[in-house]
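Trainee: Fold the following and give me the result.
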Amino acid sequence: MPEVTVVITTHNLAYYLEQCLNDLYFQTMQSFDILLVDDKSTDSTREVVENWKHKFFDRLNTIYLNENKGKASLVRNEALNSGLIQGNYIVFLDGDDRLEPNFIETLYNNAYSNDADISMCAYDRVDIDTGKQFAIEMKKFGNVVIHNPMESDIVAFYNTAPWNKMWKREIIENIRFAPIKVGEEISFDIQAYISSKSIVLSEDVLIHYMVRRESAISNTKENDIWDLERELNKLYRSVQNEYKNIVEFVIFFHMGLSMALRASDNRDIDIQKHIARTRTIFEEYHWFKENPFFRLTSLLKHGVKGLIIWFAFVAYRMNFFFIILEIYRKLHLNIKF
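Mentor: The predicted model follows:
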């Protein structure tokens, strides 16, 4: 039995998938199998995969979907529902991700040696066409083990993407990704954190997230943002009272900042109306009254990012955050949270 199952979801990424599989072939740890789920590609994906099968022998399993799901969340759920995941740990990759040779070994060794339920690493964002590095993320947290992660607001600052993480199978086998297009991993992560005793982080950049101009991040539609809000509200209503403060903080972080910036990047969205609707949503949470994670003293522990969150919170309360976004839009800035 393999120690790790690597789930790859892909759609029309034949050229990049070839590179991803090559990176897996040369991993320093080989005690893993692959479950590749193809979302009804129309390019040469099947040919690429079948050519690699003889190299991985019986370690490359495939699911070719008969209809295009169109959402990464639904494709990942096909893998989770398949009964084909054998590893004690699970990694989720996109078909165009690039890996360092020690990606699997480092995440696995960190998880195993620290008895951690989730193992994470730093990563960078790279332009898929030019190879230009946009940013390095998660590195600032250093090499650290976090016990009882939901007792701290630190989990709100972790990137929610599934591909820089290794999950112990038993903590996520009953969790599924939300059936939405944007932010589908946020509620998945929080539910996993609730089930986790500890998380281990590596400051090493072990995976490279390739950014395409047509990606969901750069072309976020307003309806997709409100779909996310409904999923986060559903999560809030489902968690025990002891976790509601941190879920509120996550909601503000993603809806008030991350999604607001994405909305500002979309010139078809009326940003003033968008922020007005967001403020109405926050009123339903009574503006997070008595939530200790919104206190300035708490946020200052997170440096500049914490200060920005506090300032944004005040700007929302005083109803001038949309003005900040209008300036952001006119200056053609590119800031991601």
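
Trainee: give the contact list for the residue most central in space within the chain.
Mentor: Centrality entry for the chain: nearest residue to the mean C-alpha point is A161, 1.5 Å, by C-alpha atoms, centre = their mean. Going by C-beta atoms under 8 Å, 6 or more residues apart in numbering, A161 touches 123, 185, 209. Backbone N, C-alpha and C define where each C-beta goes, glycine included.

Trainee: got the residue ranges for the helices in the stretch 51-200 of the chain?
Mentor: 72-81, 103-114, 169-172, 186-195 (DSSP state H, counting those that start in this stretch).

Trainee: For burial, what's the neighbour tally of the residue nearest to A79 when sequence neighbours are not counted?
Mentor: Excluding the flanking residues, the one nearest A79 by C-beta to C-beta, 6 or more residues apart in numbering is V7, at 4.5 Å. With neighbours defined by other C-beta atoms under 10 Å, the count for V7 comes to 25.

Trainee: Direction included, what does the strand or helix carrying V7 pair against?
Mentor: Take DSSP states H and E as the rule and V7 turns out to sit in strand 4-10. Next to strand 4-10 in the sheet, as set by DSSP bridges, lie strand 32-38 (parallel), strand 89-94 (parallel).

Trainee: Let me know the angle separating the first one from helix 72-81.
Mentor: Read it as strand 32-38. 130 degrees (axes from the mean of the first three to the mean of the last three C-alpha atoms, to 10 degrees).

Trainee: how about low-confidence regions in this structure?
Mentor: Flagging of the chain using pLDDT under 70 yields the residue ranges 213-218, 332-337.

Trainee: what's downstream of the lengthiest helix in it, the next helix or strand?
Mentor: Scanning the chain for the helix with the most residues, using DSSP state H, yields helix 222-238. Next in sequence after helix 222-238, counting helices and strands by DSSP H and E, comes helix 244-251.

Trainee: Now whatever helix or strand comes next after that following helix: buried residues?
Mentor: Later in the chain than helix 244-251, the nearest helix or strand by DSSP H and E is helix 259-265. Neighbour counts over helix 259-265 (16 or more other C-beta atoms under 10 Å) mark 259-265 as buried.
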